[in-house]
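Q: model the following, please.
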Amino acid sequence: MEIMTMNSINVNVKGTTKPEVLREFADMAFANGKVSDAAGFYQDLCLREEESTTGFGGGIAIPHAKSAFVNEVGVFVGRGENEVEWDALDGAPVHCWICLLVPETGGQEHLRLLSQLSRKLMDPEFVAKLKEGSEQDILTLVQGVIS
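A: Now for the predicted structure:
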(Lines give C-alpha, C1' and ligand atoms only; values in the text may rest on other atoms or scores of the structure.)
Protein backbone atom coordinates (compact mmCIF):
# COMPACT_ATOMS: atom_id res chain seq x y z
CA MET A 1 0.00 0.00 0.00
CA GLU A 2 1.00 3.60 -0.53
CA ILE A 3 2.34 5.70 2.33
CA MET A 4 -0.08 8.51 1.42
CA THR A 5 -3.28 8.72 -0.64
CA MET A 6 -6.09 11.26 -1.07
CA ASN A 7 -7.80 9.57 1.90
CA SER A 8 -4.80 10.63 4.01
CA ILE A 9 -5.71 14.32 3.70
CA ASN A 10 -8.27 16.27 5.71
CA VAL A 11 -8.43 19.99 4.96
CA ASN A 12 -11.31 20.41 7.39
CA VAL A 13 -9.87 19.38 10.78
CA LYS A 14 -12.47 20.30 13.42
CA GLY A 15 -10.46 19.94 16.64
CA THR A 16 -9.88 22.98 18.84
CA THR A 17 -7.45 21.28 21.26
CA LYS A 18 -4.39 19.10 20.85
CA PRO A 19 -6.21 15.96 22.13
CA GLU A 20 -9.12 16.55 19.75
CA VAL A 21 -6.81 16.93 16.74
CA LEU A 22 -4.78 13.85 17.71
CA ARG A 23 -8.05 11.89 18.07
CA GLU A 24 -9.08 12.94 14.54
CA PHE A 25 -5.78 11.65 13.16
CA ALA A 26 -6.07 8.36 15.08
CA ASP A 27 -9.63 7.86 13.82
CA MET A 28 -8.62 8.72 10.25
CA ALA A 29 -5.70 6.27 10.42
CA PHE A 30 -8.03 3.54 11.67
CA ALA A 31 -10.63 4.28 8.98
CA ASN A 32 -7.87 3.94 6.37
CA GLY A 33 -6.63 0.61 7.77
CA LYS A 34 -3.25 2.02 8.79
CA VAL A 35 -3.75 1.23 12.49
CA SER A 36 -5.37 -1.74 14.21
CA ASP A 37 -6.74 0.27 17.14
CA ALA A 38 -7.57 3.99 17.05
CA ALA A 39 -7.61 4.38 20.85
CA GLY A 40 -4.24 2.68 21.23
CA PHE A 41 -2.63 4.78 18.51
CA TYR A 42 -4.18 7.93 20.01
CA GLN A 43 -2.56 7.09 23.34
CA ASP A 44 0.80 6.61 21.64
CA LEU A 45 0.47 10.01 19.93
CA CYS A 46 -0.36 11.60 23.29
CA LEU A 47 2.59 9.90 25.00
CA ARG A 48 4.92 11.22 22.30
CA GLU A 49 3.57 14.75 22.82
CA GLU A 50 4.34 14.46 26.54
CA GLU A 51 8.02 13.78 25.72
CA SER A 52 8.41 17.05 23.81
CA THR A 53 6.33 19.17 21.51
CA THR A 54 5.91 18.26 17.87
CA GLY A 55 5.00 21.87 17.12
CA PHE A 56 7.47 22.76 14.39
CA GLY A 57 6.59 26.44 14.21
CA GLY A 58 4.97 28.67 11.62
CA GLY A 59 1.55 27.16 12.36
CA ILE A 60 2.68 23.57 11.62
CA ALA A 61 3.09 20.49 13.83
CA ILE A 62 4.38 17.02 13.00
CA PRO A 63 2.66 14.68 15.46
CA HIS A 64 4.12 11.21 15.17
CA ALA A 65 4.51 7.93 16.96
CA LYS A 66 6.17 4.59 16.53
CA SER A 67 3.42 2.29 17.68
CA ALA A 68 2.54 -1.37 17.99
CA PHE A 69 -0.91 -0.40 16.67
CA VAL A 70 0.43 0.81 13.31
CA ASN A 71 -0.01 -1.78 10.55
CA GLU A 72 2.06 0.07 7.97
CA VAL A 73 3.87 3.35 7.49
CA GLY A 74 1.61 6.28 6.70
CA VAL A 75 1.60 10.04 6.36
CA PHE A 76 -1.57 12.03 7.01
CA VAL A 77 -1.99 15.75 6.48
CA GLY A 78 -4.59 17.91 8.14
CA ARG A 79 -5.48 21.55 8.00
CA GLY A 80 -8.17 23.43 9.88
CA GLU A 81 -9.63 26.85 10.51
CA ASN A 82 -9.02 26.65 14.26
CA GLU A 83 -5.79 27.94 15.76
CA VAL A 84 -4.82 25.16 18.19
CA GLU A 85 -2.41 25.70 21.09
CA TRP A 86 0.38 23.16 20.56
CA ASP A 87 3.35 24.42 22.61
CA ALA A 88 5.13 24.97 19.31
CA LEU A 89 8.79 25.98 19.27
CA ASP A 90 7.84 29.53 18.20
CA GLY A 91 4.94 29.77 20.68
CA ALA A 92 2.42 30.23 17.86
CA PRO A 93 -0.75 28.14 17.54
CA VAL A 94 -1.04 25.42 14.92
CA HIS A 95 -3.58 24.93 12.11
CA CYS A 96 -1.69 22.54 9.83
CA TRP A 97 -0.43 19.04 10.72
CA ILE A 98 1.63 16.29 9.15
CA CYS A 99 1.02 13.10 11.13
CA LEU A 100 3.51 10.24 10.76
CA LEU A 101 2.53 6.63 11.52
CA VAL A 102 5.33 4.12 11.89
CA PRO A 103 5.26 0.54 13.20
CA GLU A 104 7.13 0.01 16.46
CA THR A 105 9.97 -1.65 14.58
CA GLY A 106 10.28 1.09 11.94
CA GLY A 107 12.98 3.25 13.51
CA GLN A 108 14.89 4.08 10.32
CA GLU A 109 11.74 4.87 8.35
CA HIS A 110 10.53 7.11 11.17
CA LEU A 111 13.77 9.13 11.15
CA ARG A 112 13.85 9.30 7.34
CA LEU A 113 10.33 10.72 7.07
CA LEU A 114 10.85 13.18 9.90
CA SER A 115 14.12 14.40 8.43
CA GLN A 116 12.79 14.78 4.89
CA LEU A 117 9.67 16.64 5.96
CA SER A 118 11.46 18.86 8.49
CA ARG A 119 13.90 20.00 5.81
CA LYS A 120 11.07 20.84 3.39
CA LEU A 121 9.28 22.86 6.08
CA MET A 122 12.12 25.39 5.80
CA ASP A 123 11.01 26.09 2.21
CA PRO A 124 8.43 28.95 2.16
CA GLU A 125 6.95 27.75 -1.14
CA PHE A 126 6.39 24.22 0.24
CA VAL A 127 4.80 25.65 3.40
CA ALA A 128 2.50 27.97 1.43
CA LYS A 129 1.25 25.09 -0.74
CA LEU A 130 0.76 22.91 2.33
CA LYS A 131 -1.30 25.62 4.06
CA GLU A 132 -3.30 26.83 1.06
CA GLY A 133 -3.21 24.17 -1.64
CA SER A 134 -5.96 21.82 -2.70
CA GLU A 135 -6.01 18.21 -1.53
CA GLN A 136 -4.43 17.18 -4.84
CA ASP A 137 -1.73 19.85 -4.43
CA ILE A 138 -0.95 18.54 -0.93
CA LEU A 139 -0.83 14.93 -2.10
CA THR A 140 1.56 15.75 -4.95
CA LEU A 141 3.67 17.99 -2.73
CA VAL A 142 4.13 15.54 0.14
CA GLN A 143 4.51 12.44 -2.06
CA GLY A 144 7.34 14.26 -3.82
CA VAL A 145 9.16 14.56 -0.50
CA ILE A 146 8.56 11.12 1.00
CA SER A 147 9.03 8.91 -2.06
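Q: got the contact list for the helix or strand encompassing N82?
A: Element membership of N82, judged by DSSP states H and E, is strand 74-84. By CB atoms under 8 Å, 6 or more residues apart in numbering, the residues outside strand 74-84 that reach it are 3-4, 8-18, 21, 24-25, 28-29, 32, 34, 59, 93-101, 113, 117, 130-131, 138, 142, 146. From N, CA and C alone the C-beta is placed, and that goes for glycine too.
Q: now, the residues you listed that are in helices?
A: Here DSSP state H is the test, and these give 18, 21, 24-25, 28-29, 113, 117, 130-131, 138, 142, 146 as lying in helices.
Q: so what's the spatially most central residue of the chain up against?
A: Residue closest to the average C-alpha location in the chain (CA atoms, centre = their mean): C99, at 1.4 Å. Applying CB under 8 Å, 6+ apart to C99 gives the contacts 25, 29, 45, 62-64, 75-78.
Q: and it, how far from E125?
A: C99 is 22 Å from E125, where distance means CB to CB, to the nearest Å.
Q: which pLDDT value goes with E2?
A: At E2, the model reports a pLDDT of 88.
Q: what is the burial count for it?
A: If you count neighbours by other CB atoms under 10 Å, E2 ends up with 14.
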